[in-house]
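A.B. asks: just coords:
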């Protein structure tokens with residue numbers, strides 16, 4: 001019997017029959033297509049909604065909360081920058097409007113261009129690059145706020161509210177803090193001068209008012225009583241009633257006015273800058289008040305007297321030129337002031353022979369100051385290099401304790417505050433995401449505030465021309481040096497006098513014969 005290779009077991013599962021695909025009806029196919037369509041449309045709508053939500057979050061949440069700078073762990077957000085920048089531009093627009101009304105037509109095109117640029121930036125603030133100057137100011141304000149406790153200054157919410165009320169009040173609500181002064185004697189002198197000037201201005205204003213009030217009615221009456229031919233007579237205008245004296249509002253009335261004015265101001269700022277009252281207090285008022293209080297405290301610490309030097313200098317662009325100038329003074333014995341008048345590139349002190357006046361520590365740049373305060377009285381320094389060039393320095397006086405001039409004292413007060421800010425900025429942990437502006441290079445040497453003023457020479461009127469005298473004659477109409485107010489040759493040019501180099505004394509004034 002043949003062997004059957006296919007052994008079947010009674011336990012084996014039966015071979016399934018081939019499945020046949022069920023044919024869908026047309027209606028079933030259409031329902032299935034609609035189902036897929038709805039699923040696809042839902043996916044597209046969900047994707048669009050996701051894009052809108054992400055875009056809205058980016059526009060309204062993420063971008064406004066971008067960090068532009070971090071100061072000691074505190075962030076300056078883009079939204080706060082936008083508010084401060086818009087407020088700054090709106091204030092600028094108000095200034096442009098005021099200047100265009102009272103400044104004359106000459107500046108109108110420039111003012112209009114500035115106003116248009118400000119409006120454009122306000123409208124498109126999101127698309128305009130961050131202004132580095134405004135951001136730097138915000139960074140500095142944040143540094144000042146953090147550093148107030150180190151100088152014993154505290155700003156409370158009540159202080160902020162009073163400052164805001166003071167700004168929008170029609171009259172002063174509180175007694176201002178007096179600024180620090182030099183000394184009681186000098187302050188008394190200044191008060192007397194101010195009172196005298198005030199009385200003079202009031203008297204001049206009163207005289208002008210009387211002249212106008214006495215002249216205008218007379219002219220008007222003459223015109224009214226003398227009509228022109230074929231013209232009906234003009235009626236004499238009734239005299240205007242005298243305005244009643246203005247009554248100063250009480251403190252309560254002033255505060256009520258301040259509240260109403262502030263409400264209108266915030267309403268306009270909310271619309272144009274997105275700034276609420278809390279924003280205005282936090283971003284504008286508190287930094288400004290903190291800066292003011294810090295300045296008052298630091299300026300009060302400025303000394304009123306101290307060590308000073310009376311300095312002359314010659315400023316030249318190269319070291320070789322400075323050495324040559326020094327040799328003329330030290331080796332040849334020429335007058336320092338005369339050489340300075342001839343050679344120095346410092347145009348401010350050139351007419352005064354390089355005289356910088358008395359100055360204390362902290363006024364000059366450090367290399368210049370170190371040389372000046374270490375120089376013996378009457379000695380002439382070697383060339384001293386600064387950012388402005390090379391200086392030859394001479395000290396004519398060195399008092400150890402001299403009361404500062406008013407201008408020097410104010411300069412020291414300002415520097416006291418500026419130095420404190422610079423030190424605090426250097427100590428602060430600052431991280432900027434926007435580049436800050438680089439400091440401008442020095443434009444030129446600045447003499448101290450108390451330096452002698454540049455003399456102004458007024459030429460005397462020329463005498464009438466008589467005859468045909470020679471070119472060098474006084475009759476030719478050319479005033480001599482004394483009449484012009486010009487110093488002699490040695491002082492004006494830095495060279496020795498004419499007689500010192502062998503020129504006959506009368507050679508300069510000898511008339512030239514007429515041909």
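C.D. replies: On my side now, so go ahead. Quantities reported herein were computed from a predicted structural model and do not represent experimental measurements.
A.B. asks: which residues touch stretch 398-417?
C.D. replies: With Cβ atoms under 8 Å, 6 or more residues apart in numbering as the test, stretch 398-417 has contacts from 180, 182-183, 186, 294-295, 298-299, 301-310, 357-360, 362-363, 373, 377, 448-450. For every residue, glycine as well, the C-beta is placed using N, CA and C.
A.B. asks: Could you list which of those residues belong to helices?
C.D. replies: Among the contacts of stretch 398-417, the members found in helices (DSSP state H) are 186, 294, 295, 298, 299, 373.
A.B. asks: what's around the fourth one, how many residues?
C.D. replies: Residue 298: 20 surrounding residues under other Cβ atoms under 10 Å.
A.B. asks: That one against residue 420, yeah?
C.D. replies: Yes. Counting by Cβ atoms under 8 Å, residue 298 does reach residue 420; the two are 5.4 Å apart.
A.B. asks: Pull up the overlap in contacts between these two.
C.D. replies: Residues touching both residue 298 and residue 420 (Cβ under 8 Å, 6+ apart) are residue 151.
A.B. asks: farthest-separated two in the ones in helices among the contacts of stretch 398-417?
C.D. replies: Maximum pairwise distance in these, criterion Cβ to Cβ, is 29.2 Å, between 294 and 373.
A.B. asks: and those two? which has more neighbours close in?
C.D. replies: Each of residue 294 and residue 373 has its neighbours counted (other Cβ under 10 Å); residue 294 has more, 22 against 17.
A.B. asks: if I look at the more buried one, how far off is residue 286?
C.D. replies: Residue 294 sits 12 Å away from residue 286, taking Cβ to Cβ, to the nearest Å as the criterion.
A.B. asks: out of the ones in helices among the contacts of stretch 398-417, who's nearest residue 158?
C.D. replies: Taking the ones in helices among the contacts of stretch 398-417 together and measuring to residue 158 by Cβ to Cβ, the closest member is residue 294, at 18.4 Å.
A.B. asks: Name the residues of stretch 61-77 that are buried.
C.D. replies: 64, 68, 69, 70, 71, 76 (16 or more other Cβ atoms under 10 Å).
A.B. asks: now swap in stretch 100-119 and tell me
C.D. replies: Residues 100, 111, 114, 115, 118 are the ones in stretch 100-119 that count as buried (16+ other Cβ under 10 Å).
A.B. asks: May I see the buried residues of stretch 417-436?
C.D. replies: Neighbour counts over stretch 417-436 (16+ other Cβ under 10 Å) mark 417, 420, 421, 424, 425, 430, 432, 434 as buried.
A.B. asks: contacting residues around residue 77?
C.D. replies: Counting by Cβ under 8 Å, 6+ apart, residue 77 touches 64, 65, 66, 67, 68.
A.B. asks: I'd say the last one and residue 434 touch.
C.D. replies: The reference is to residue 68. Yes. At 5.5 Å, residue 68 and residue 434 qualify as touching, with contact defined as Cβ under 8 Å.
A.B. asks: list residues touching both of these two?
C.D. replies: Each of 130, 135 lies in contact with both residue 68 and residue 434 under the rule Cβ under 8 Å, 6+ apart.
A.B. asks: got the residue ranges for the strands in the stretch 1-150 of the chain?
C.D. replies: Here the stretch 1-150 of the chain has its strands, by DSSP state E, counting those that start in this stretch, at 67-71, 74-77.
A.B. asks: of all these, which lies closest to residue 140?
C.D. replies: Judging those by Cβ to Cβ, what sits closest to residue 140 is strand 67-71, at 9.2 Å.
A.B. asks: Contact partners for residue 325?
C.D. replies: Residue 325 neighbours (Cβ under 8 Å, 6+ apart): 314, 316, 339, 343, 392.
A.B. asks: so which helix or strand takes in it?
C.D. replies: Assigned by DSSP states H and E, residue 325 belongs to helix 319-330.
A.B. asks: What are the buried residues along that helix?
C.D. replies: For helix 319-330, the neighbour count (16+ other Cβ under 10 Å) marks 321, 322, 325, 326, 328, 329 as buried.
A.B. asks: what's the answer for stretch 131-141, then?
C.D. replies: So for stretch 131-141, counting by 16+ other Cβ under 10 Å, buried means 131, 135, 136, 138, 139, 140, 141.
A.B. asks: Look up the pLDDT of the fifth one for me, please.
C.D. replies: Just to be clear, that refers to residue 139. Each residue has a pLDDT score; the one for residue 139 is 95.
A.B. asks: now swap in the third one and tell me
C.D. replies: We note a pLDDT of 94 for residue 136 in this prediction.
A.B. asks: any chance you could map the helices in the stretch 301-450 of the chain?
C.D. replies: Per DSSP state H, counting those that start in this stretch, the stretch 301-450 of the chain carries helices over the ranges 319-330, 336-343, 366-374, 406-427.
A.B. asks: for these, which one sits closest to residue 265?
C.D. replies: Counting by Cβ to Cβ, residue 265 lies closest to helix 406-427 out of these; the figure is 29.0 Å.
A.B. asks: quick check: mean pLDDT across that closest one?
C.D. replies: 92.
A.B. asks: tell me the angle that helix makes with strand 67-71.
C.D. replies: On the basis of axes from the mean of the first three to the mean of the last three Cα atoms, to 10 degrees, helix 406-427 is oriented at 110 degrees to strand 67-71.
A.B. asks: so what's residue 288 up against?
C.D. replies: Counting by Cβ under 8 Å, 6+ apart, residue 288 touches residue 163.
A.B. asks: Kindly report the same for the one 5 residues further on.
C.D. replies: Remark: with contacts taken as Cβ under 8 Å, 6+ apart, residue 293 is in contact with 148, 153, 155.
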